[in-house]
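Enquirer: return a 3D structure for these sequence lines:
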Amino acid sequence: MLICAFIASILSVVLSVNTFSNSAKVAFINSSILVERYYGFIEIHQTLDKKVDEWNLIGDSIYAQYIRKSDYLNNNRHTLKPNEIDLLEKELSITFNEYSRYQNEIEERAKNEYELMTKGAFNQINSFIESYSQANGIDIVIGITSSGNMLYGSERIDITYKVLEELNQTYK
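Expert: The predicted structure is shown next:
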């Protein structure tokens, strides 16, 4: 009796898996293509690049002050008094530290802005993929990356470019 129950449960599992695999619609998306070509990500990169360029102008200004002071000190060292040299060297050190601190701030600010902006874009993509999948009767969408989560997928179930096209249309 125990053997019959065991065999019945195994048959039940096999039939369930077989039924699901025959009826489930599976597709995949190449995530790196989506991220590269989604208008939302393109705009994020353009916006962030513009901000970083603006921030770098301030950093360049600080660095230009450092160079001017350094050149002045190097060109006039032989005519300056020791206390003037000490004062200029301290100013140089302060200016260089200010420049370094500002560069670190820019890097941190850019990283934070990128994370915040991309989080929103990923949420848009995920929401769109969910809606797209439901509208097209897709039960499972597998995301692949260049690191190779999936070794092969038929073009028949690759929805990357269909999703990208519709996603970009909705972004406009």
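Enquirer: only the buried residues of stretch 85-100, if you could.
Expert: For stretch 85-100, the neighbour count (16 or more other C-beta atoms under 10 Å) marks Leu88, Glu91, Leu92, Thr95, Phe96, Tyr99 as buried. Where you see a C-beta, it was placed from the backbone N, CA and C, and this is true even at glycine.
Enquirer: from the residues you listed, which two are the most distant?
Expert: The distance between the two most remote of these (C-beta to C-beta) is 16.1 Å, for Leu88 and Tyr99.
Enquirer: next secondary structure after the biggest helix by length in the chain?
Expert: When the chain is parsed with DSSP state H, its longest helix is helix 82-135. For helix 82-135, the following helix or strand on the C-terminal side (DSSP states H and E) is strand 140-144.
Enquirer: circling back: mean confidence score for the longest helix of the chain?
Expert: For helix 82-135, mean pLDDT is 93.
Enquirer: that one: how far from the chain's middle?
Expert: Distance of helix 82-135 from its chain centroid, counting by C-alpha atoms, centre = their mean, to the nearest Å, is 14 Å.
Enquirer: now do that helix against strand 140-144: the angle between them, please.
Expert: Angle between the axes of helix 82-135 and strand 140-144 is 150 degrees (criterion: axes from the mean of the first three to the mean of the last three C-alpha atoms, to 10 degrees).
Enquirer: what's helix 82-135 packed up against?
Expert: For helix 82-135, the packing partners by 3 or more C-beta pairs under 8 Å, 6 or more residues apart in numbering; DSSP states H and E come out as helix 39-76, helix 160-171.
Enquirer: least reliable of those helices going by mean pLDDT?
Expert: Mean pLDDT is lowest for helix 160-171 out of the helices and strands packed on helix 82-135, coming in at a mean of 89.
Enquirer: which residues does that helix contact?
Expert: Contacts of helix 160-171 with the rest of the structure, by C-beta atoms under 8 Å, 6 or more residues apart in numbering, involve 28-30, 33-34, 37-40, 124-125, 128-129, 132.
Enquirer: which pair in the residues you listed spans the largest distance?
Expert: Phe28 and Tyr39 (21.6 Å).
Enquirer: if you count surrounding residues, which of the two has more?
Expert: More crowded of Phe28 and Tyr39, by other C-beta atoms under 10 Å: Phe28, with 18 against 15.
Enquirer: where's that one, which helix or strand?
Expert: strand 26-30.
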